[in-house]
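> here are the coordinates; sequence isn't available:
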């Protein structure tokens, strides 16, 4: 009977300890997510004066000082080689990509160092700038995006995530 009591106490203590650690860290995690959001938004739309959330935690209309819509800012995510690739994408009023920010390993990206992590490099990301939804495919699929050698799954995931996001949210480009 004594081992059961000891095991129960150890489990109860561990549960309380885990709960405490969660409560202690959740605020820092939420703050970090908010910083990633705001820094991505200001990086992609430096001329932004305000934004309005149109889809909870996913899509935002972005406005200039004259309160004219200048684009959409949305969260996209697609499964890559190492897990979900989380990114923020900006599109202008014509539906062209005007900015892309992909999470870093510190922000949860789990791609292979030296291969899949190259999706964060400007050489890869800059290929998307000015592209419309139908152009955002790998070259081997008839698109205009050059895949990263030995990281095709990650490259395709970024293309698919952006394209799906544009398709899903482009209806919000109208100033309603």
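It's in. Just so we're clear, the structure is a prediction, and the values are computed from it rather than from any experiment. Numbers count the residues shown, from 1 in each chain.
> Which elements pack onto whichever strand or helix holds residue 77?
Per DSSP states H and E: residue 77 is located in strand 69-79. Contact analysis of strand 69-79 by 3 or more CB pairs under 8 Å, 6 or more residues apart in numbering; DSSP states H and E lists helix 2-44, strand 59-63, strand 84-92, helix 152-169 as its packing neighbours. Where C-beta positions appear, they are placed from N, C-alpha and C, glycine not excepted.
> With distance to residue 131, mean pLDDT and mean neighbour count as extra columns, can I get those in JSON lines?
Below are the helices and strands packed on strand 69-79 laid out as JSON lines (distance: least, CB to CB, whole Å; pLDDT from 0 to 100; neighbours: other CB atoms under 10 Å):
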{"stretch": "helix 2-44", "distance to residue 131": "15", "mean pLDDT": "89", "mean neighbour count": "11"}
{"stretch": "strand 59-63", "distance to residue 131": "19", "mean pLDDT": "95", "mean neighbour count": "22"}
{"stretch": "strand 84-92", "distance to residue 131": "10", "mean pLDDT": "93", "mean neighbour count": "22"}
{"stretch": "helix 152-169", "distance to residue 131": "9", "mean pLDDT": "94", "mean neighbour count": "21"}
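> Tell me which residues touch the most centrally placed residue in the chain, please.
The structure's the chain has its C-alpha centroid closest to residue 87; by CA atoms, centre = their mean the separation is 2.0 Å. Listed by CB atoms under 8 Å, 6 or more residues apart in numbering, the contact set of residue 87 reads 75, 76, 77, 100, 101, 102, 103, 158, 161, 162.
> rerun at 10 Å
40, 74-78, 100-103, 109, 119-120, 125, 157-158, 161-162, 165 (CB atoms under 10 Å, 6 or more residues apart in numbering).
> thought residue 92 was touching residue 98?
Yes. Under the contact definition of CB atoms under 10 Å, residue 92 touches residue 98, with a separation of 4.7 Å.
> overlap in contacts of the two?
For the pair residue 92 and residue 98, residues contacting each of them under the criterion CB under 10 Å, 6+ apart are 45, 62, 70, 71, 72, 130.
> what residues are up against the third one?
Put plainly, it is residue 70. Here residue 70 is in contact with 45, 47-49, 51, 61-64, 90, 92-93, 98, 175 (CB under 10 Å, 6+ apart).
> ok, 6 Å please
Going by CB atoms under 6 Å, 6 or more residues apart in numbering, residue 70 touches 62, 64.
> Tell me, what's the model's pLDDT at it?
For residue 70, the pLDDT comes out at 94.
> before we move on, back to that, any idea how far the residue nearest to the centre of the chain lies from residue 71?
Plainly put, residue 87 is 16 Å away from residue 71 if you go by CB to CB, to the nearest Å.
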